[in-house]
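In: Sequence isn't available, so here's the structure alone:
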C-alpha cells in the first residue's frame, strides 16, 4: 500500500480542478464541470483547458500549475494518451487525481503499457490516482459530484465502492427511491493504484460511514482485501459485497481430487465469511442488505427470533415457511404474558400464537396491540408486519403506526404489504419513514436472514516458523525439486514434522525380508511421483493375505509401471468408518486454501466440503467444522457418536502451516483420511504432496 | 364428485339473488348487494330480506321462492344457523348457492355439525354450494362481483382459486398494478362440497381460461386433485399452485426409516411435478409465474436458451451467474451470423458474445439491433434486456422498443431496468405493454426457470390386479393380522410374488442340520415382528465364520429377545457397492408414496431421495430416477459405471403394486437394497412389511 494513502483530500477536497473541462454539451468534460458547479459545493473550483479562456462562465487555465495555488483534487478528462503528461505537469500542485479517461489497461497492449507508465509516475511523485477509466466519485456531505453521473444522492452513512460506473449510476437512482443515503460513491475503474482494499481501509476510519457496500468483478490481492475488511468489521463497520463472475472464471485443469472441489467463487464466499463481510447474491439482495445495514445499528445474534403480525392467515403461514428455510432465523415462541394480553384484547377467532392473526377485519387498534406486544416480548428480535388490503383496512394509518413504532424500539420492524394500488401510498410512507418494506414475506425474511448472519471475525494471526522443522522439510523438498510430486516415504517424513498422522507402510520395491513384520491382510500400491491416480491406473492390489501374494503383487506393479522411479509399498488394511478428504491448494487471489470434507466414492456428488483460508486459528477451524458441511459428524445426533473435532482441526491447521512454511508445495491431498468416533486414531491412508 | 358439478350457472349466472341483502352500510350483505349492482352485470338481480321491502332502491323479497322464477345463482349472507333453512326453502328455485356466512366447520363442534347437515341437504336436493365461510366469487367477463371485495378486476384468461379470501383481495389488488386479468376469482372457504379439484375440472373446460392459479392451505382428496390437474395440463391449461404450510403439519411419529425421509410437503411437491403443475415458492414467485403464464402461450422446452442484451457489463455478468444456477436455463451460444452482424453494427469495445454488452453510452439504435439479432438467432428462446439508466440513455424509448418487439416475436422478452425514478415510467410502460419486468436480473431468471420447467405429464394409469397373486398374498397377511409386522420369511414370500429380489436366508431358530448349506461368513439376525430396529437393539451379530459361532450367536439372540415369537435367521454376507433405501408409505392425502434414494449410514444427512406417487408407470419411474436425486448413479460420468436403472425401477413399480393390491400394508422398508454396476443382481438385504 502506498504510504500516503490518505484519501480525505481526494474524496473530501476543499479545492478541485478539472483538466479537460469543456463548455460543449454532451462532452464528458462538460458533464463533470457542470456536475461540480451545479450543486452547492463550497470549495474552490478550477477548470483547465488551454484551448479556452472561459468555461461555464469561469476562467479556464492553461495548465494545473498555471492556477498558481495548491489544489486538493484534480479530475482528468483528457484523452488517454495525454493523461500522463498533464498529471506530470501538475504533480507539484496536486497530489490526488481522478482519471476518468479510458484507453488504459482495458484496451489491450498499448493501453496496458500506458497504465504501467502512469502507475510508475504515481509512485515517483507520491500521488494518489483513482481510476483510470472510471466514473469519478460523489461526496454528498460536501455537495460534491465529481463524476459524469447526473444528480447528487441524499447524504447518508453508506459508502459505495463500485467496479462498474454504470452500476454505480443505477445504484444511486434506485437509492433515491428507497431512501438510501451515501457518505460517498466511488467508481474504481481499472483499480490501477486504488482498489477495494485501499478504500475499505479509508472508509473504516471515516466517521461519516457506517456501511461499506462494494460491487466487484474481481479482487487482485486477497490478503490485503481480507485484512481491510476484517479491520473494518472489527471497528464496527458493516461490509456488504456483491461480486459478479461466479461462472465466469473457468476452473483450471486440476491434478488432485480436492482441487476440483474448490471453485474460485466458493473460495471467495469462504473468504468473506472468514472476515465477517456479508455477500449479496443479487442486485435485490444487495439493496436489501444495504437498507438493513443502514437502518439497523444493533447486532442481532443468530438465530434471530421473528414475531409475525398479520391480518390474513395465508401469508402468515407462508412467512412461517420462509422462516423455517432461513438458517439464521427462528419463529419466536411468544411468552405466556404476551399471549394472555393478546387473548384479552383480540377477538376470540384471532390467533395469539406466532404468527399472530388479527383477522381480515383488523383495524388500527388490533395492529397497534399486536405490534406493541411484539416489541415488549423478549423472545422477538425482528417484527414482521403483514397486511392484505381488505376494504375496511386503514392501510396508511397502519403504515404510520409502523413508522412510529420503529422510532420507539431498537428491534427491527419490517413489513410486507401485499397488494397493488391500495398499498402503494403506504409503502412510500414506510420507505420514507425508515421501515423496510418488501414485496413478499419471503423476500423480507430472506434479506433478514442474510443480514443477521453468523459473523464471528477471527483475527488474522501471524505465521510462526519453526526454523529447524523448515530446514528439514526443505531438504526433502529440494531433493525432489525435479519431480512433480514426492514419494510416499518423503510425504510421511514431512507429514510427521507437521504432526499429520499417516498410515504405516513398508517399502517392498526390492522384495522384503521375513523380519519386516508385515501385517496381513494388506494392500500393495505403486508409488511413483508421476502416477497421481493410482487406483484408476491399476496401481492398487488388495487384499493381500500372505507373503506369496505380496511378492506376486509387487512383481505385477513393477511390470505395470515401467516408467523410471517406480516403488512399491505395502500398507495394512485399516477398518473404515468414515472417510474424509483434506487438501491444500494455492488460490491465485487468497493464497493457501484448505479444502476439507466428506470423502468416499461420492465425494464429488455430495460436495460436502468447506474452505479454510489461511492464516487460520484452531478456534476458527473448529467453528467451521462444527457449523459447516460435515457438522453432522460432530453433533452426536442421529445416533452417530461424535467424531474427534480436535484431531481433524489439527490436521487442517497443520496442513496450512506446512503450506505456508514450504512455498514450493503447490498442492496437498489426503484422500482418504480415515476418521473414527471411537478410540481409534485418525489416519491418512494416502498422502500426496505436489510441487 | 357430484353429478351435476357444472358450475357455469354458478359462476356465469344470468340471474343472481342475495339472501340477507342489506341497505345498512358496513354490513357484508350490503357490500355484496352493492358490488353486484354497481358494475355492469346484465342479468337479473334479486334481493331477499323478509324484514325490508326495498333495498338499494330495488324490491326486497321475503324468500327465494317468493321471487316467482328460477334463479341461476344465490348468494347467502344470513347468520350461519339460518343458512340451511333458507337454502332448503329455495332449493326448487335455485340449484347454485354461494354461502358467505361463517359459523361452520371452522368454528368447532357445533359448526362442524351444521356443515355436515348443510352438506347432506346439498346431496339430497342435488345443488351446488360454494363455501361456506368464503369471500364469494368474481367473473369480470360478465361484470359480476358476487363477493364482498370491492372493485372488479380486468378481464383476462386467468382463473384464481383461493382458499383464503383475504389473499384473494390482495391478489386482485396486486394484479391491477401488474396488468393481470382474470376469467374468474373464486374463494373456496371451507371447501365443503366444491374444492380445488372440482373447480380445476370446471376451468379446464372453460374457454375463457388459459391459466388456473391456486392458493391452497391443504388438499383433502389427493387423487381427485391430481387427476384434475393432469387433465387440465393435458388440455393445454397451465396450473400454478401456491401452497402454505410447509412447516405447519407436524411430522407424524414414524416407525420406519424411509418414513422419516418423506415430509408431507415434499410429497406435495412430488405430486405437483407428477401432473405437470408449477409450484410457486412465494407470493412474488406466484405473481411472476402467473404473469409468465398469462403472457407466454408457447411451451419452451428446457433448458431454454437465454440471450442477454445490456448496457452495463456488471449486471450482464450477474445475470450470467443467475442463468448458471437455474437448471432449466442455459446461456445461448450465439450463432456466427449473429455475432458477425453485431460486430459490424456495434462499436468495437462492445461485446458481441452473450451477454451482449452495448456499452454505457448505448442509445436506441444499439438496443434495437441487439434485440433484433436475439429475435432472429435460433439459439435464443428468451431475451433478457438489462438497462442501467445512464444520463444519455433514452429509457422510455427503449421500453417502447421492447413492447413493440414483444408483439412481433413469439420468443419471450423479459426485462430488468435497474434503478429508481429514472426507470419508473419505463417499467409502467413495460407492464402495460405486456413485457415482464423484474427488479433484478436474478429474479427475472429465477421466475423464467420456474416457468420453463421440465413438465412431462404421465397418464394416471389404472391398476391391474392379478387375482391369484392377491389371494396368495392376502393369505399370508391375514394370518399375520394380529401382529405389527411380518416375519422375514413371510416378507420374502410376498416379495417373490411381486418380483422383489430378497437375499436368501436360513431359519436357524431351532438349530440347523449339517445339510442346510450355510455359506460363511454369514450374519445372524433376530426376526421378531415387534423388533423393528434390530441393529440398535443388538439383534445383529456378524461376522459368523463357522457352525460353532453360528450356534453361539443363535443362543445369544434367543436369550436377548425373550418376547414371544422370536426367530433367528442367518444370511450370507454380501459385497457392498452402493446401498439404496426404498420404502412405501401411505400418505393421508395422496395414498401410496414410494420413497427411494441413497442408503447407508448418512441417509438422513444427505436425504438423496425422491418420491413416487402411485399409480406409476415404468416410464415415469425411470425418468425420475434418471433426473432425480440419485441420477448420478445412472449417468455413467465421474468414473462411475452406470447402475441398472431398469432393475431399480422394477422394484419401485412392484412395491407400489404390492401396496395397492394389499390395503392392509401400511408401510414397507427395504433397507438396504444392495445395487451394483457390474453383473451382480440387485438384492434387498432387509425387507420389512408393516401392517
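Out: That came in fine, so what should we check first? A quick note: this is a predicted structure, and the numbers were derived from the prediction, not measured.
In: What about the nearest residue in space to residue A:357 that is not next to it in sequence, how many residues nearby?
Out: Closest residue to residue A:357 apart from its sequence neighbours, by Cβ to Cβ, 6 or more residues apart in numbering or on different chains: residue A:351 at 4.0 Å. (C-beta placed from N, C-alpha, C; glycine too.) Applying other Cβ atoms under 10 Å in any protein chain shown, we find 16 residues neighbouring residue A:351.
In: who in the stretch 101-250 of chain A is up against chain B?
Out: Counting by Cβ under 8 Å from any Cβ of the partner chain, the residues of the stretch 101-250 of chain A close to chain B are A:107, A:148-150, A:163-167, A:169-170, A:173-178, A:215, A:217, A:242, A:244-248.
In: for the stretch 301-450 of chain A, same thing?
Out: A:311-315, A:317-318, A:320-325, A:349, A:360, A:388-391, A:418-424, A:439-443.
In: And the buried ones among these, selectable in ChimeraX?
Out: Here is the ChimeraX command that selects the buried residues among these (16 or more other Cβ atoms under 10 Å in any protein chain shown):
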select /A:311,312,313,314,315,317,318,320,321,322,323,360,388,389,390,418,419,420,422,423,439,440,441,442,443
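In: host element of the residue nearest the centre of chain A?
Out: For chain A, the residue nearest the mean C-alpha position is residue A:272 (2.7 Å; Cα atoms, centre = their mean). Element membership for residue A:272, per DSSP states H and E: helix A:264-275.
In: Going by contacts, tell me the helices and strands next to that helix.
Out: Counting contacts by 3 or more Cβ pairs under 8 Å, 6 or more residues apart in numbering or on different chains; DSSP states H and E, helix A:264-275 packs against helix A:222-234, strand A:238-243, strand A:278-280, strand A:609-613.
In: JSON lines for these, including mean pLDDT and distance to residue B:604?
Out: Listed next are the helices and strands packed on helix A:264-275 as JSON lines, based on pLDDT from 0 to 100; distance: least, Cβ to Cβ, whole Å:
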{"stretch": "helix A:222-234", "mean pLDDT": "91", "distance to residue B:604": "36"}
{"stretch": "strand A:238-243", "mean pLDDT": "94", "distance to residue B:604": "34"}
{"stretch": "strand A:278-280", "mean pLDDT": "91", "distance to residue B:604": "29"}
{"stretch": "strand A:609-613", "mean pLDDT": "93", "distance to residue B:604": "20"}
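In: and the helix holding residue A:272, which residues are buried?
Out: A:264, A:266-275.
In: what pLDDT, on average, does it get?
Out: When pLDDT is averaged over helix A:264-275, the result is 88.
In: Give me the angle between that helix and helix A:222-234.
Out: Comparing the axes of helix A:264-275 and helix A:222-234 via axes from the mean of the first three to the mean of the last three Cα atoms, to 10 degrees yields an angle of 40 degrees.
In: Just the angle for helix A:264-275 relative to strand A:609-613, thanks.
Out: Using the same axes, to 10 degrees: helix A:264-275 against strand A:609-613 is 60 degrees.
In: And helix A:264-275, how far out from the chain middle?
Out: Mean-position distance between helix A:264-275 and its chain equals 5 Å (Cα atoms, centre = their mean, to the nearest Å).
In: Between strand A:238-243 and that helix, find me the angle.
Out: Using the same axes, to 10 degrees: helix A:264-275 against strand A:238-243 is 180 degrees.
In: if I pick the residue nearest to residue A:357, what's in contact with it?
Out: A:313, A:316, A:357 (Cβ atoms under 8 Å, 6 or more residues apart in numbering or on different chains).
In: Just those residues: which are in strands?
Out: In strands, defined here by DSSP state E, the members of the contacts of residue A:351 are residue A:357.
In: ok, of the contacts of residue A:351, which one's closest to chain B?
Out: Comparing the contacts of residue A:351 against chain B with Cβ to the nearest Cβ places residue A:313 closest, at 6.2 Å.
In: Quick check: beta-bridge partners of the closest residue in space to the closest one that isn't next to it in sequence?
Out: In space, and not counting its chain neighbours, residue A:313 is closest to residue A:357: 5.2 Å by Cβ to Cβ, 6+ apart. Beta-bridge partners for residue A:357, by DSSP bridges, are residue A:310, residue A:351.
In: what pLDDT does residue A:357 get?
Out: pLDDT, residue A:357: 93.
In: Now do the contacts for it.
Out: Residue A:357 makes contact with A:310-313, A:316, A:350-351, according to Cβ under 8 Å, 6+ apart.
In: possible to save the residues you listed as JSON lines with pLDDT?
Out: Shown next, in JSON lines, are the contacts of residue A:357 (pLDDT from 0 to 100):
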{"residue": "A:310", "pLDDT": "96"}
{"residue": "A:311", "pLDDT": "94"}
{"residue": "A:312", "pLDDT": "90"}
{"residue": "A:313", "pLDDT": "86"}
{"residue": "A:316", "pLDDT": "91"}
{"residue": "A:350", "pLDDT": "89"}
{"residue": "A:351", "pLDDT": "90"}
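In: Export the residues you listed to a markdown table and append columns for distance to residue A:29.
Out: Formatted as a markdown table, these follow (distance: Cβ to Cβ, whole Å):
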| residue | distance to residue A:29 |
| --- | --- |
| A:310 | 55 |
| A:311 | 56 |
| A:312 | 56 |
| A:313 | 61 |
| A:316 | 57 |
| A:350 | 65 |
| A:351 | 64 |
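In: distance of residue A:96 from residue A:50?
Out: Shown here: residue A:96 relative to residue A:50, a distance of 22 Å by Cβ to Cβ, to the nearest Å.
In: okay, the two: which has more neighbours?
Out: residue A:96 (23 against 12).
In: And what about the nearest residue to the more buried one once chain neighbours are set aside, helix, strand or coil?
Out: Leaving aside its chain neighbours, residue A:96 sits nearest to residue A:10 (3.8 Å; criterion: Cβ to Cβ, 6+ apart). What DSSP: H, G, I helix; E, B strand; the rest coil gives for residue A:10 is helix.
In: wait, isn't residue A:10 in contact with residue A:73?
Out: Yes. In terms of Cβ atoms under 8 Å, residue A:10 counts as a neighbour of residue A:73; the distance is 5.3 Å.
In: Work out the gap between the helix or strand of chain A with the lowest mean pLDDT and the centre of the chain.
Out: In chain A, no helix or strand scores lower on mean pLDDT, DSSP states H and E than helix A:603-606, which sits at a mean of 80. Chain-centre distance of helix A:603-606: 24 Å, with Cα atoms, centre = their mean.
In: do that helix and chain B meet?
Out: Yes. Helix A:603-606 comes into contact with chain B (Cβ under 8 Å from any Cβ), by way of A:604-606.
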